[in-house]
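Asks: sequence unknown, structure follows:
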């Protein structure tokens, strides 16, 4: 099958590799432009671009596909995509809004030939449409999640479903570990589904159960000790690796790397209950046992070592 691929992060690169390994012809890959990264803010290509170049696939990095934002450039890209005479456009975490001419650029597959653009989405739709479905599922305490292959339309993750695969969310899962698992599941589901391309049909998403996964913001990383310990612990897992979780003590910003929730009956929200071995802090409900921290300007260390460096005291109330 002749496939145009659009994606940017590691999640998408896993799917691109699987489609290439399955023998599909990929004449062009779309990905986000190189971005500044690291301490030196050096321009860095996306994981998908790195892989596509390794595979010898042509790469395009338009900053937009919108005719309103770039009439000439977008029109030229729309025409180029159409001229490739592809059977299908496969999208995975691309990061750009796709206008109708892009969604309609391929000839189409499926029982009715109506599936022109297929998206690999990391949730069980219609739950967690949007930008951060994996993190929001962990944060909410969902018992399971999965990947959905969806026929793309102009709405935000509103298109009818083609296939899905499910997995439990484990107690130790972070966004990093769950993303890796879902990337593999999405890649496998795509390859397996395209083996029966002429039989695929679409099922409309249910009207009930729609939730939107808002983009993760740096402003969310500060711990609110009035929240329950269970919520804070889930948020830590959800915000690993980005944006992380931290608390403030005067001018110091302390990053939390590892913590679990436990029962506690006494104390004020934010009160340090123990500094022996671990740092235990009372929350709105229960307590957070923190086992690994990172002090300003230091590497991550055991909570015990960090507590000594911070001179934290039992009974102190963190804000």
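Replies: Perfect, thanks for sending it. Note that this is a predicted model, so its numbers are computed, not measured. Numbering: from 1, shown residues only.
Asks: tell me the bridge partners for residue 4.
Replies: residue 28, residue 89 (DSSP bridges).
Asks: tell me where the stretch 101-250 of the chain has strands.
Replies: 117-121, 129-130, 144-151, 161-168, 212-213, 245-249 (DSSP state E, counting those that start in this stretch).
Asks: redo these as JSON lines? Include mean neighbour count.
Replies: In this view, the C-beta of every residue, glycine as well, is placed from N, C-alpha and C. Formatted as JSON lines, these follow (neighbours: other CB atoms under 10 Å):
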{"stretch": "strand 117-121", "mean neighbour count": "24"}
{"stretch": "strand 129-130", "mean neighbour count": "18"}
{"stretch": "strand 144-151", "mean neighbour count": "24"}
{"stretch": "strand 161-168", "mean neighbour count": "16"}
{"stretch": "strand 212-213", "mean neighbour count": "18"}
{"stretch": "strand 245-249", "mean neighbour count": "18"}
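Asks: how about these in CSV, adding mean pLDDT and distance to residue 273?
Replies: Putting these into CSV (pLDDT from 0 to 100; distance: least, CB to CB, whole Å) gives the following:
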stretch, mean pLDDT, distance to residue 273
strand 117-121, 98, 42
strand 129-130, 97, 37
strand 144-151, 98, 33
strand 161-168, 98, 32
strand 212-213, 98, 34
strand 245-249, 95, 14
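Asks: distance to residue 189 added to those strands, as a markdown table?
Replies: Shown next, in a markdown table, are the strands of the stretch 101-250 of the chain (distance: least, CB to CB, whole Å):
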| stretch | distance to residue 189 |
| --- | --- |
| strand 117-121 | 8 |
| strand 129-130 | 18 |
| strand 144-151 | 6 |
| strand 161-168 | 5 |
| strand 212-213 | 20 |
| strand 245-249 | 32 |
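Asks: helices along the stretch 151-300 of the chain, start to end?
Replies: 175-194, 229-238 (DSSP state H, counting those that start in this stretch).
Asks: counting contacts, what elements does the shortest one pack onto?
Replies: Counting by 3 or more CB pairs under 8 Å, 6 or more residues apart in numbering; DSSP states H and E, the packing neighbours recorded for helix 229-238 are helix 133-140, strand 245-249, strand 252-262, strand 287-294.
Asks: figure out which of these is closest to residue 112.
Replies: Ranking those by distance to residue 112, with CB to CB as the measure, places helix 133-140 first at 27.9 Å.
Asks: secondary structure class for residue 304?
Replies: helix (DSSP: H, G, I helix; E, B strand; the rest coil).
Asks: if you could redo that for residue 19, that was the one I meant.
Replies: Going by three-state DSSP: residue 19 is helix.
Asks: check contacts around the closest residue in space to residue 193 that isn't next to it in sequence.
Replies: The spatially closest residue to residue 193, leaving aside those adjacent along the chain, is residue 163, at 4.9 Å (CB to CB, 6 or more residues apart in numbering). Residue 163 makes contact with 148, 149, 189, 192, 193, 200, according to CB atoms under 8 Å, 6 or more residues apart in numbering.
Asks: according to the record, where do the domains of this protein fall?
Replies: 2-213, 229-317 (the TED database).
Asks: dump those to a markdown table, plus distance to residue 221.
Replies: Formatted as a markdown table, the domains of the chain follow (distance: least, CB to CB, whole Å):
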| stretch | distance to residue 221 |
| --- | --- |
| domain 2-213 | 12 |
| domain 229-317 | 4 |
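Asks: and of these, who's closest to residue 219?
Replies: The nearest among these, by CB to CB, is domain 229-317 at 8.4 Å.
Asks: can you measure across the closest one, start residue to end residue?
Replies: 15 Å (CA to CA, to the nearest Å).
Asks: show me how far it is from its chain's centre.
Replies: 25 Å (CA atoms, centre = their mean, to the nearest Å).
Asks: all helices of the stretch 1-150 of the chain, in order?
Replies: Under DSSP H, counting those that start in this stretch, the stretch 1-150 of the chain gives helices at 10-21, 47-55, 71-83, 100-103, 133-140.
Asks: now the last one: average pLDDT?
Replies: To tie it back to what came earlier, the one meant is helix 133-140. The average pLDDT for helix 133-140 rounds to 98.
Asks: how far does that helix sit from its chain's centre?
Replies: The answer for helix 133-140 is 9 Å, by CA atoms, centre = their mean.
Asks: cool, the shortest one as well?
Replies: The chain centre lies 24 Å from the centre of helix 100-103; the measure is CA atoms, centre = their mean.
Asks: the third one too?
Replies: When distances are taken as CA atoms, centre = their mean, helix 71-83 is centred 29 Å away from the chain's centroid.
Asks: again, but for the first one
Replies: Using CA atoms, centre = their mean, the mean C-alpha position of helix 10-21 is found 16 Å from that of the whole chain.
Asks: re earlier: so which of the helices of the stretch 151-300 of the chain is the most packed in?
Replies: helix 229-238 (a mean of 22; mean count of other CB atoms under 10 Å).
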